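Participant: Fold the following and give me the result.
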Amino acid sequence: MEKEPELQEVKVAREVVGRAIRRLNALEYLILFLAVGLALAAGAVVGWLLSYSFGLSFRWGWAGSSMLLFLIPAGVAYLREARPPEGAGRRTEPPHSEGGREVTSKPKGFHG
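Facilitator: Numbers count the residues shown, from 1 in each chain. Prediction:
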């Protein structure tokens, strides 16, 4: 009898988690599309400034600056995510221990 409430709780928890995952995915896509739109708009401004100042083609300036304005932050974010978190791979016990008891070269105090 106790199994049925647990199964219902698990089912409800899975539905809630699934809904949260779908919402976060939608939010990620929204942020991605906004970033692309902002990179294109800022690239257009930079392309216009380059064509006005240096006589470069507006299309090439727009394309190049849009790519740079999107790929550089995306690359930084990717490299930041690809890096292992701080403290990953560290040992959980002290480097000098014997049988759960820490061994140090420094003598302990009077009460220690």
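Participant: elements contacting the host helix or strand of Y52?
Facilitator: Assigned by DSSP states H and E, Y52 belongs to helix 3-54. The contact analysis (3 or more CB pairs under 8 Å, 6 or more residues apart in numbering; DSSP states H and E) places helix 3-54 against helix 58-82. (C-beta placed from N, C-alpha, C; glycine too.)
Participant: Now for the one residue sitting closest to the centre of the chain: which residues touch it?
Facilitator: By CA atoms, centre = their mean, the chain has its centre lying nearest to E81, at 4.6 Å. Contacts of E81 were listed using CB atoms under 8 Å, 6 or more residues apart in numbering, and none were found.
Participant: For it, report the pLDDT, please.
Facilitator: With respect to pLDDT, E81 has a value of 88.
Participant: Where does the prediction get shaky in the protein?
Facilitator: 1-2, 88-112 (pLDDT under 70).
Participant: 90 instead, please
Facilitator: Applying pLDDT under 90 to the chain picks out residues 1-7, 55-56, 77, 81-112.
Participant: Off-centre distance for the helix holding Y52?
Facilitator: Mean-position distance between helix 3-54 and its chain equals 13 Å (CA atoms, centre = their mean, to the nearest Å).
Participant: and the gap between the residue nearest to the centre of the chain and S53?
Facilitator: 36 Å (CB to CB, to the nearest Å).
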